[in-house]
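A.B. asks: Any chance you can model this:
(chains A and B)
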Amino acid sequence: MTRKLLLMVAASGLLALASCGPFDSSTGELNNGRFSYLCVDSSDSTCEGVLGNAAIPDRIAVGGTFDLEYAGDTKGSAPVQVQPASETMISGASGNFKFRIPGIGAMLARNTSGVVADFVHLRGVAVDHLNVGGPSSGEAVSKVEMTTEGNVTLEVSARDVSDAPLAGALAYTWSSSDEKIVALGVQGPKKIAVLTGLAAGTATVEVTLPGGLKMAVLVTVTQGSNTTTSSGSGSSGTGQGGSGSSGSTTGAGGAGGGK
Amino acid sequence: MKTTRLAPAAAHALLALLGGALVGCAPDFDHLEMKIDTTPPLAVAISSTDVALPVGIAVGVTATPFDTNGEKMDTDVVLDMTPQNQEVIGVQASLDDRSFVFFGVGAGTTSITVEVDHLRRLTIPVTVKLQPAD
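C.D. replies: Here you go, the predicted model:
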């Protein structure tokens, strides 16, 4: 009985270890130091407002740029350079790493004589779609109603097939189909766009990735003082009041909600 | 006369025996054991007879040479592992004794040459494959 109990305890311990997975947030897999993730610009949603060190994200967008730092413990503290194990998976040098294809890629921390002090695996995932939402709610919107008296701030993020956000800096491009109706003020590295209603009418605001992936938001500008947004297809629904900018109100749901 | 002729020969034989005995003090290399120290996120196979891993995956490995007496060889015995094609697999020493990191660089086949005290002892075939699609 005692042996059986011990075996069961050992088996459950092994199961617990197996379920931990290889993607510890930042400890190197040889336990000689720690890796930390750095955003190369603020288009990377991993680093909200700060470009400093962050825990290693679960998923990085293929084509997204990122950086990685290593700090060794006493044993592994010699100066090191972080390099991809395979340029087939991850290209670039420090400050400009980029997943080339989906999959798992190891990053090696090597000292000047080539000795590997430690390594960590990262997961690269293809961008499936873009999510455009208000910075406060983060919910996806496909329609925006706004007035000529207010501004609306939209924020884009890259998502995988399960709608999980992906890390990595991406070169977004914003455009308005009619800048006489909706003018775009694009901030910083183009994750955020500020829409200004200039005249009554409708316009389509699009955000595009270099590969051609895009997301469109239909913007209706009216004379007035309130603003609403809608998610999904936007054909119908009731919106909930949310937060906005410059006195406007954003909401998730259908057109006309939240007024 | 015979005795004086045999004496140098006997001395030579004795010296040869002594020399052989001295050399025999250090048992020769017998085999290499490899233990995986990390948990690779995809399946790998690492042994002294076969290495197979996917592109982009790194594995921490401890390699231990054993002598003909079945004992671990001293750590001052130099163990080198050199990939024949570094565009297929990388093998680098790590910080601990006998610890190495194997990593798949590009799809293909090659081999790793193992030297113990600068004598070639093993050639391990290597296969590196592209990662399976999700």
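A.B. asks: Tell me the residues of chain B that contact chain A?
C.D. replies: Residues of chain B found near chain A, taking Cβ under 8 Å from any Cβ of the partner chain as the criterion, are B:37-42, B:54-58, B:60, B:90, B:92-95, B:99, B:101, B:103-107, B:130-131, B:133-134. C-beta coordinates here come from the backbone N, C-alpha and C atoms, glycine included.
A.B. asks: now with 7 Å?
C.D. replies: If contacts are counted using Cβ under 7 Å from any Cβ of the partner chain, the residues of chain B sitting beside chain A are B:38-39, B:41-42, B:55-58, B:60, B:90, B:92-95, B:101, B:103-106, B:131, B:134.
A.B. asks: Now, those that are in helices?
C.D. replies: Secondary structure of those is defined by DSSP state H; no position falls in helices.
A.B. asks: Name the nearest residue to residue A:161, sequence neighbours excluded.
C.D. replies: With sequence-adjacent residues excluded and distances taken as Cβ to Cβ, 6 or more residues apart in numbering or on different chains, residue A:161 is closest to residue A:128, at 4.3 Å.
A.B. asks: Burial check on that neighbour, number of neighbours?
C.D. replies: Look at residue A:128: counted by other Cβ atoms under 10 Å in any protein chain shown, it has 15 neighbours.
A.B. asks: how close does it get to chain B?
C.D. replies: 12 Å (Cβ to the nearest Cβ, to the nearest Å).
A.B. asks: Any stretches of the stretch 1-150 of chain A with poor pLDDT?
C.D. replies: A:1-25, A:48-52, A:76-77, A:135-138 (pLDDT under 70).
A.B. asks: residues in it within reach of chain B, list them.
C.D. replies: Within the stretch 1-150 of chain A, the positions near chain B by Cβ under 7 Å from any Cβ are A:22, A:29-30, A:32, A:75-76, A:85-86, A:88-89, A:102-106, A:108, A:110, A:114-117, A:119, A:121.
A.B. asks: switch the cut-off to 6 Å
C.D. replies: A:22, A:29-30, A:32, A:75-76, A:85-86, A:88-89, A:103-106, A:114-117, A:119, A:121 (Cβ under 6 Å from any Cβ of the partner chain).
A.B. asks: Next, the contact list for the residue nearest the centre of chain B, please.
C.D. replies: Note on chain B: the residue nearest the mean C-alpha position is residue B:114, at 3.8 Å, using Cα atoms, centre = their mean. The neighbourhood of residue B:114, defined by Cβ atoms under 6 Å, 6 or more residues apart in numbering or on different chains, consists of B:81, B:121-122.
A.B. asks: For it, which non-adjacent residue is spatially closest?
C.D. replies: Closest residue to residue B:114 apart from its sequence neighbours, by Cβ to Cβ, 6+ apart: residue B:122 at 3.9 Å.
A.B. asks: helix/strand/coil for that neighbour?
C.D. replies: Of the three states, residue B:122 takes strand under DSSP: H, G, I helix; E, B strand; the rest coil.
A.B. asks: got the end-to-end distance for stretch A:143-155?
C.D. replies: Taking Cα to Cα, to the nearest Å, the span from the opening residue of stretch A:143-155 to its closing residue is 14 Å.
A.B. asks: Thanks a lot, catch you later.
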